[in-house]
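Enquirer: Got a sequence here, can you model it:
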Amino acid sequence: MTERNKPAAPLAFHHAGHGANASIGVAICHGFTGSPLSVLPWAEYLAKQGFAVSVPLLPGHGTSWRDLATTRWQDWYRTFEQSYLDLAAQTETCFVAGLSMGGAVALRVASRHEVPGLVLVNPGLSFYDRRVRYVGALKYVMPTTTPIVEDRPAPITIEEGDYSKTPLKAVHELKKLFRAATRGLPHVEAPALVFKSSVDDVIPPSSVATISKYIDSSRLKVVTLPHSGHVATLDVDAPTIFEESAGFFRQHAGDRVASESS
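Expert: Numbers count the residues shown, from 1 in each chain. This is a model prediction of the structure:
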């Protein structure tokens, strides 16, 4: 692909909010090798409902796999954390949300900041491929691998950047992020709404099982998505995600206001 024909990098999404929900913020994190485009319909739905929404573009994403190879998981985390903090400073109540790896980033934010709640879509904390346990050594002899291809991809296709390859350096960083997010789970005290696809070729069910181990059932609701693959925000069950998450944000924003006034 020539530089002239290469598509522009996907942009971050920001909406100031309006109406009755303008004081409620939602910071959304996209997934590994993805971009804000993968959660854009979700962000736009919430924006139309009046929520203040922020979706940053994480470093090394939305451009080229070569850029991704130069970043660390802390770069991804700090970028999203700052987006959350900026939005929290502009709103009365600010939630975190994430897709796939973005779920792990959102969980880490929730373990380090007092968020009123979090919504996760196919959150990642573990891998199917057992070779990942050796990725710290493999990255020196096999710099890249091919991306995971789902048997049933989402019906909406998007151009997120030149990711014909996945750098194993970045996979190693992803592994470190999953470990850090898992270590922080005992400190997540906020209620959580988790959406999990019945058939997910990217993230195994053990990720949600790990979350369930640390967030008790009184604070955790898991919703099964029977008709969607991994990027469920672009798939058949997307309206379920959009509608139920909006209700969750309104409900728990109201709970926060009620507790502060009592």
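
Enquirer: On the three-state scheme, V119 is what?
Expert: Assigned by DSSP: H, G, I helix; E, B strand; the rest coil, the conformation of V119 is strand.

Enquirer: Please verify my assumption that it contacts S245.
Expert: Yes - taking contacts as Cβ atoms under 8 Å, V119 lies within contact range of S245: 4.6 Å. In this view, the C-beta of every residue, glycine as well, is placed from N, C-alpha and C.

Enquirer: Format the CA atom coordinates belonging to stretch 89-98 as PDB.
Expert: Provided in PDB are the C-alpha atoms of stretch 89-98 (Å, rounded to 0.1, in the frame of the first residue of the first chain):
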ATOM      1  CA  ALA A  89     -13.600  16.500  35.300                       C
ATOM      2  CA  GLN A  90     -16.300  17.700  32.900                       C
ATOM      3  CA  THR A  91     -19.200  15.600  34.200                       C
ATOM      4  CA  GLU A  92     -20.800  14.800  37.500                       C
ATOM      5  CA  THR A  93     -20.600  11.000  37.100                       C
ATOM      6  CA  CYS A  94     -18.300   9.200  34.700                       C
ATOM      7  CA  PHE A  95     -18.400   5.500  33.800                       C
ATOM      8  CA  VAL A  96     -15.800   3.300  32.000                       C
ATOM      9  CA  ALA A  97     -16.500   0.800  29.300                       C
ATOM     10  CA  GLY A  98     -14.500  -1.300  26.900                       C
END
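
Enquirer: picking up where we left off before, give me the more crowded residue out of V119 and S245.
Expert: Between V119 and S245, counted using other Cβ atoms under 10 Å, V119 has the larger neighbour count: 29 against 26.

Enquirer: ok, V119 - contacts?
Expert: By Cβ atoms under 8 Å, 6 or more residues apart in numbering, V119 lies in contact with 95-98, 192-195, 245, 248-249.

Enquirer: Which residue, other than its chain neighbours, is closest to it?
Expert: Distances taken as Cβ to Cβ, 6 or more residues apart in numbering place A97 nearest to V119, at 4.2 Å, with adjacent residues excluded.

Enquirer: Determine the three-state secondary structure at the one you found.
Expert: Applying three-state DSSP: A97 is strand.

Enquirer: Overlap in contacts, V119 and S245.
Expert: 97, 193.
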